[in-house]
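Enquirer: predicted model and sequence below, questions to follow.
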Amino acid sequence: MVFGGPSVPSMEVKVNRYRKYSYRIQEPGTERYSAQSPALCVICYIMKKTFILLFLVTLIGCTKTNVPDGFPKLVSVTLTLTQDGMPLSGAIVSLAGDSQFSVGGVTDDKGNVILYTHGQHKGAPLGKFKVRIAKTESDSAPPEPLPGTPEHDAWMKEMEKRPPPKTYTLVEKQYTQAETTPLELDVTGPLTQTLNVGKVVKEVL
């Protein structure tokens, strides 16, 4: 016995030779849902549909780009920085252009960086940009001994004789300023690009 129609889900009731009933929901063009009671059969059908709906809602939510109102369109930008042919790690990358939004990132051990806008929204706005690169290093002082000990007194006297610690740039200074950097990006869509940051240097700032 079948309840339903050709265009809507229908329930089929069968009786086997032991006079036991079985129930089955058949959706047009799709799979069947079987059970030993009509209530259980309906429950299985509803649970399957609910799971599919939740999955689709989750998928849509995960693929949506959550950016605040007023943000421009952001596209994926991945850069690789090299210096004398070697990956430049630990370098701070920032874009300078007409956009009012700050865009940048820090290179990993392989010299790769994925740019983010305002530090949390993946991607960069469309447009033309100058690329600034910064990487610095400072003189390190000897470790400070435990205060109140003769070693600490000697350390203090040595520190008084030392000149102020110096900070060095590890990239040529021209790359650190928007007005002088030769590096440019024209972001018209998703972009992957390699940029060469000159030679290895260690210049006092």
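Expert: Cool, the structure landed.
Enquirer: any regions of the protein where pLDDT drops low?
Expert: Within the chain, the segments meeting pLDDT under 70 span 1-66.
Enquirer: report the residue ranges of every domain in it.
Expert: Domain assignment of the chain by automatic domain parsing yields the ranges 2-63, 74-135+170-200, 137-166.
Enquirer: would you map the helices across the chain?
Expert: Applying DSSP state H to the chain gives helices spanning 38-63, 150-161.
Enquirer: quick one: buried residues of the shortest one?
Expert: Within helix 150-161, the residues that count as buried by 16 or more other CB atoms under 10 Å are residue 155. C-betas here are computed from N, CA, C, even on glycine.
Enquirer: so what's the residue count around residue 77?
Expert: By other CB atoms under 10 Å, the residues close to residue 77 number 26.
Enquirer: the one 3 residues further on now?
Expert: Burial measure for residue 80: 17 neighbouring residues, criterion other CB under 10 Å.
Enquirer: residue contacts, the residue lying closest to it once chain neighbours are set aside?
Expert: Nearest residue to residue 80, sequence neighbours excluded (CB to CB, 6 or more residues apart in numbering): residue 194, at 4.4 Å. Counting by CB atoms under 8 Å, 6 or more residues apart in numbering, residue 194 touches 79-82.
Enquirer: just residue 123 next, same as before
Expert: Per CB under 8 Å, 6+ apart, neighbours of residue 123: 65, 74-77, 115-117.
Enquirer: go on, residue 144?
Expert: If a contact means CB under 8 Å, 6+ apart, then residue 144 has 152, 155 as its contacts.
Enquirer: and what of residue 201?
Expert: By CB under 8 Å, 6+ apart, the contact set of residue 201 is 169-172.
Enquirer: in strands, which of the residues you listed appear?
Expert: Using DSSP state E, the members of these that fall in strands are residue 169.
Enquirer: please report which of the contacts of residue 201 has the highest neighbour count.
Expert: residue 171 (25 neighbours).
Enquirer: does that one touch residue 137 like I think?
Expert: No. Contact criterion CB atoms under 8 Å: residue 171 and residue 137 do not qualify, at 10.9 Å.
Enquirer: perfect, I'm done here.
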